[in-house]
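*Asks:* Return a 3D structure for these sequence lines:
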Amino acid sequence: MFKPRSRPLLECEIVHSLPGRVRVGCRALRYLAAHAAAIEAEIDSIPAIRSVRVSTITANVLVLYDAEDAAPEQVVSWVEGVIGTHSADAYKADRMLRTQTTVNERRLQDEPLSEMARRVAMITASLILFLLRRGGDHVHVPLPRRLFTAPSLTSLMLGVPIFKSGAESLARSGRPNADTLSSTAIIASLLAGRDISALTIIWLADIAELLTAYTMHRTRRAIREMLSVGEESVWRLTPEGDEERVSITVLQHDDVVVAVTGEKISVDGHVVSGEAAVDEASITGEFMPKSKSAGDMVFAGTVVRSGRLTVRAEKVGDETAVARIIHLVEEASSRKATVQAFADRFSASLIPLNLALAAVVYAVTRRADRALNMLIIDYSCGVRLSTATALSAAICTAARNGILVKGGNHIEALAEADTVVMDKTGTLTEGRPEVSRVIAARQGIDVRAVAECAAAAEEASTHPNAAAILDHVRRSGWRIPKHSESLILPGLGVETKVGRSVVRVGGRRMMLDCGVDLKGMEAEVGRLLQAGHSVVYVARGKSLLGILAIHDRPRENMRKALNRLRQYGIDDIVLLTGDLERHAETVAAKMAMDRYEAEALPEDKALTVLKLQTRGVPVVMVGDGVNDAPALAYADVGIAMGGRTDIAMEAADITIVRDDPLMIPATFRLAQKTMSTVRQNFAVAVGVNTLGLVTGAMGLLPVFWGAVLHNATTVAVVLNSSRLLIHDVEASR
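*Replies:* Have a look, this model is predicted:
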């Protein structure tokens, strides 16, 4: 409805072709001027290519090639592949361009809400007083005196911000904005002796802007209350060991702070001493408090439920995880949705039309009042303010329900998406795996030795499987052998040295890459995978010691959540996991997912997302770990589930703090309702104001009632958007 569907950013097409010569067009090239030389060199290195010339201005590539060795379609595939390696920069630049507005508008958040409310109250009182004293709108006095009536002087005084904004827009961009048109209408009303109409224009416009600003204020407050550290002062230990109460703003690195029962921890750092149960729901989404003791990591914004901790500060103030998240979310105002940018451009493009209509109507009818209606009734206020209010209200409602949305553009993309890519561990599953079986590769190998070697390699790893292995060894009363520093290979596994032997723990791909013989265990592995278990291989040198079967239960309500996503229009749900293919196939079948991709490294996950995006439909990625961060960043909308890691939360566009799968479809539903509200507002604002322009030009609508009709419509659509503040997210879970 709002914009034509453009060709996918990375899609290449043949612009012109002759034997041995082809010109390939790709929209992404417009944003890759800094990489033009590299793209040329990469394409030119292909054996069948004779020469290459990249033009980022015309967004195409001219390629001369050996016609005997390649076809035009193959050349297009090569070019698309090379440009795809620079896709992240192209996507980032494209999004920034699409969210830019074309006119300079007043920033409503720059004016305190109390000042706006006081202004509305003042105008309301003035209007009531003037109407009671006079009883009419038109002033039958000579022109100069019309500007010196009490309503006229009040209008001129209160209209200063509007006049200033309208003039600045013309001076800076050479284009009028909504305030330019309002200024013209106010001045024209005063010159025509309709001072009450001028004041009414300001009054109703201010009411609409007050509602919009209030919604924005509620949004910022909801986010800050949700994530705020919540403490203004904190107990700090002095070098002598005494406790002193200091402001949280003076804390520095390596300060040691004390947190006791009921207090929020104010820094990120490690526990120096003490034990306590800490509620980390605001950061990790975990419902149950975690036991913390010396050496454990704690985060600002988490609550000490019982106990006492002394913590050495490693990150303070704006460096803490919670502060970074707040900062990212509050930047949402600079990341406008495409529909919001369209609303701004649409309303701005119609402002000159209003001016032209006023001139035409006056030329035809010679009636100043009819021409004045063409200035008073415009589309810009209703369209612009209602769209901004709807998106801001949606972000506010999401924040109140534990969903952090970092910009209105992500709400729009979520509403349009039809593809969801999901990680497995910690997303589809609980992320609390347990070792169900330990199996030796051959007789003579003790299962205890298999588990202990695995624990030695995994001791420094933060992967959920590592925690399961370590927990199994400790609960069994076994010991972890002495070992060297572990080398973690993301997506593959871990290796370390136990004695003089290299111990490797990981997946099938790692074992094959290292030359480990897996024969003899394949049947057993197949049975475990078929039963829904993950399999971890343990090898010493190039000899397989055995395997560990690890089971991670599917999240409660995850199947229901996926079914609801389909009800909301998602027709392609993809499983993306680093597990073996047979295990991935089993999980995908149990969850009724459309397809899966297994044994995916972090870079493979990102590449899969980029490939899906070439279809031109927004792609949503749902994940929770460090390995998911690249894919979360590249997706049109990245959703971090449960907020378990800082990296995932910062890479994602939306973070669902509550560890509840049903919040995923609830977020989709909120986005769809928001965009439905925006469409309603467009229809009402355009329809009613068009009717007002027609009846005003015909002389059927007096100027005063034209002002009332236009501004009342603006207030109505803003109020309609404000209904999103009371949207019941729980009902759509």
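
*Asks:* Helices of the stretch 101-250 of the chain, start to end?
*Replies:* 113-134, 143-146, 150-158, 160-173, 178-191, 195-227 (DSSP state H, counting those that start in this stretch).

*Asks:* which of those helices sits most buried?
*Replies:* Among those, helix 178-191 has the highest mean neighbour count (mean count of other C-beta atoms under 10 Å), at a mean of 24. The way it works is simple: take the backbone N, C-alpha and C, and place the C-beta from them, glycine included.

*Asks:* Could I get the average pLDDT for that helix?
*Replies:* Helix 178-191 carries an average pLDDT of 76.

*Asks:* swap in stretch 447-465?
*Replies:* Mean pLDDT, stretch 447-465: 86.

*Asks:* Buried residues, it. List them.
*Replies:* 447, 449-459, 461, 463-465 (16 or more other C-beta atoms under 10 Å).

*Asks:* cool, and stretch 416-424?
*Replies:* E416, A417, T419, V420, V421, M422, D423, K424.

*Asks:* just to revisit the earlier point, quick one: which two of the buried residues of stretch 447-465 are the most distant?
*Replies:* For these, the farthest-apart pair by C-beta to C-beta is A449 and P464; their separation is 23.4 Å.

*Asks:* measure stretch 503-515 end to end?
*Replies:* Taking C-alpha to C-alpha, to the nearest Å as the measure, stretch 503-515 stretches 13 Å from start to finish.

*Asks:* just checking, next helix/strand downstream of the helix or strand encompassing A666?
*Replies:* For A666, the host element (DSSP states H and E) is helix 663-697. As assigned by DSSP H and E, the chain's next helix or strand after helix 663-697 is helix 703-722.

*Asks:* Show me which positions of that next one end up buried.
*Replies:* 703-718, 720-722.

*Asks:* which secondary structure elements does it contact?
*Replies:* For helix 703-722, the packing partners by 3 or more C-beta pairs under 8 Å, 6 or more residues apart in numbering; DSSP states H and E come out as helix 178-191, helix 195-227, helix 368-376, helix 380-400, helix 663-697.

*Asks:* Between helix 368-376 and that helix, find me the angle.
*Replies:* Angle of helix 703-722 versus helix 368-376, following axes from the mean of the first three to the mean of the last three C-alpha atoms, to 10 degrees, is 20 degrees.

*Asks:* Measure how helix 703-722 sits relative to helix 178-191, angle-wise.
*Replies:* Per the same axes, to 10 degrees, the angle that helix 703-722 makes with helix 178-191 is 150 degrees.

*Asks:* mind starting the numbering at 40 from now?
*Replies:* All right, first residue 40 from here; so that's helix 742-761.

*Asks:* What angle do helix 419-439 and helix 742-761 make with each other?
*Replies:* 20 degrees.

*Asks:* I'd like to know how many residues surround the residue nearest to L651 when sequence neighbours are not counted.
*Replies:* Residue nearest to L651 in three dimensions, not counting chain neighbours: V658, with 4.6 Å by C-beta to C-beta, 6 or more residues apart in numbering. Neighbours of V658 under the rule other C-beta atoms under 10 Å: 26.

*Asks:* for V658, which residues make a bridge with it?
*Replies:* When assigned by DSSP bridges, V658 has beta-bridge partners T458.

*Asks:* what's near enough to touch it?
*Replies:* If a contact means C-beta atoms under 8 Å, 6 or more residues apart in numbering, then V658 has A456, T458, V459, V460, V648, L651, Q652, A674, D675, V676 as its contacts.

*Asks:* okay if I get those residues as CSV plus secondary structure?
*Replies:* CSV is the format used below for these (DSSP: H, G, I helix; E, B strand; the rest coil):
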residue, secondary structure
A456, coil
T458, strand
V459, strand
V460, strand
V648, helix
L651, helix
Q652, helix
A674, coil
D675, coil
V676, strand
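
*Asks:* and the residues you listed, which two are the farthest apart?
*Replies:* V459 and Q652 (13.2 Å).

*Asks:* before we move on, back to that, turn the helices and strands packed on helix 742-761 into JSON lines, columns for distance to D591.
*Replies:* JSON lines is the format used below for the helices and strands packed on helix 742-761 (distance: least, C-beta to C-beta, whole Å):
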{"stretch": "helix 217-230", "distance to D591": "54"}
{"stretch": "helix 234-266", "distance to D591": "29"}
{"stretch": "helix 407-415", "distance to D591": "64"}
{"stretch": "helix 419-439", "distance to D591": "28"}
{"stretch": "helix 702-736", "distance to D591": "18"}
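
*Asks:* How about the backbone phi and psi for H522?
*Replies:* phi -150, psi 170 (degrees, to the nearest 10).

*Asks:* what's the answer for the one 10 residues further on, then?
*Replies:* The phi and psi values for G532, taken as degrees, to the nearest 10, are phi 170, psi -150.

*Asks:* Same check on the one 5 residues further on?
*Replies:* The phi and psi torsions at V537 (degrees, to the nearest 10) take the values phi -110, psi 110.

*Asks:* pLDDT score for it?
*Replies:* At V537, pLDDT is 90.

*Asks:* Over to V343?
*Replies:* Value for V343, per-residue pLDDT: 86.

*Asks:* buried set for whatever helix or strand it lives in?
*Replies:* For V343, the enclosing helix or strand under DSSP H and E is strand 342-354. For strand 342-354, a neighbour-count test (16+ other C-beta under 10 Å) marks V342, V343, G346, L348, T349, V350, R351, A352, K354 as buried.

*Asks:* between the helices of the stretch 140-289 of the chain, which one is nearest to V512?
*Replies:* V512 lies closest to helix 234-266 among the helices of the stretch 140-289 of the chain, at 36.9 Å (C-beta to C-beta).
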